[in-house]
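Enquirer: The following comprises the amino acid sequence and a computationally predicted model.
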Amino acid sequence: MKKPLNAVLRGVTNDNVDPSVDAIKHSTLPLLLKFLGTDEGLNLKVVKRGLRPNGGGEIHFSCPCRAKLRPLQMKDSGLIRSIRGIAFACKVSPATGNRIGESAKKILKEYVADVYCYTDLCKGPKGGLYVVFFVVRDHKPSGRKFQSI
């Protein structure tokens, strides 16, 4: 019998070239969940954030093993009905992270009424090697897709 995947990934978690770990967590994992049929054992946890050039981030990823995947057809993307976001700040004042989250929320409320922005404040070793603040947002259309920007 095959064993489930448990991986520890180290390096860059957020940059402007690749999709961030938060974008993957909020868009790709719900899609993977539809293929697997259950979320038992499916997890992506950010332990430390890491940014360019030296990284320093750590992610724990676990995924169950399935003999068969469910088929999936997604035809209608629908209209955007809600926006969720994560504003994270590493090694800066908590007030800075909260201000960034509230500013992003204020701008996005002009387009959609249902906006929520979670603030992730990373201190000490969990904050990686650099001082940074960043906003990741994803939106949920009225169809069944999850998209992240």
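Expert: Right, received. Where do you want to start? Note that the coordinates shown come from a computational prediction; the quantities given were computed from them, not determined experimentally.
Enquirer: shaky segments in this protein?
Expert: 1, 74-77, 125-149 (pLDDT under 70).
Enquirer: Can you tell me the SS state at the spatially most central residue of the chain?
Expert: Residue closest to the average C-alpha location in the chain (Cα atoms, centre = their mean): D22, at 1.7 Å. Secondary structure, DSSP: H, G, I helix; E, B strand; the rest coil: D22 is helix.
Enquirer: repeat for P19
Expert: Secondary structure of P19, per three-state DSSP, is coil.
Enquirer: Tell me how many other residues surround it.
Expert: For P19, the neighbour count with other Cβ atoms under 10 Å is 14. C-beta here means a position set from N, CA and C on the backbone, and glycine is covered the same way.
Enquirer: Next one: the closest residue in space to G55 that isn't next to it in sequence relative to T96, how far apart?
Expert: Spatial nearest neighbour of G55, excluding adjacent residues (Cβ to Cβ, 6 or more residues apart in numbering): G11 at 4.0 Å. For G11, the distance to T96 equals 25 Å [Cβ to Cβ, to the nearest Å].
Enquirer: Y111 - that's part of a helix, no?
Expert: No: Y111: not assigned to a helix; according to three-state DSSP it is coil.
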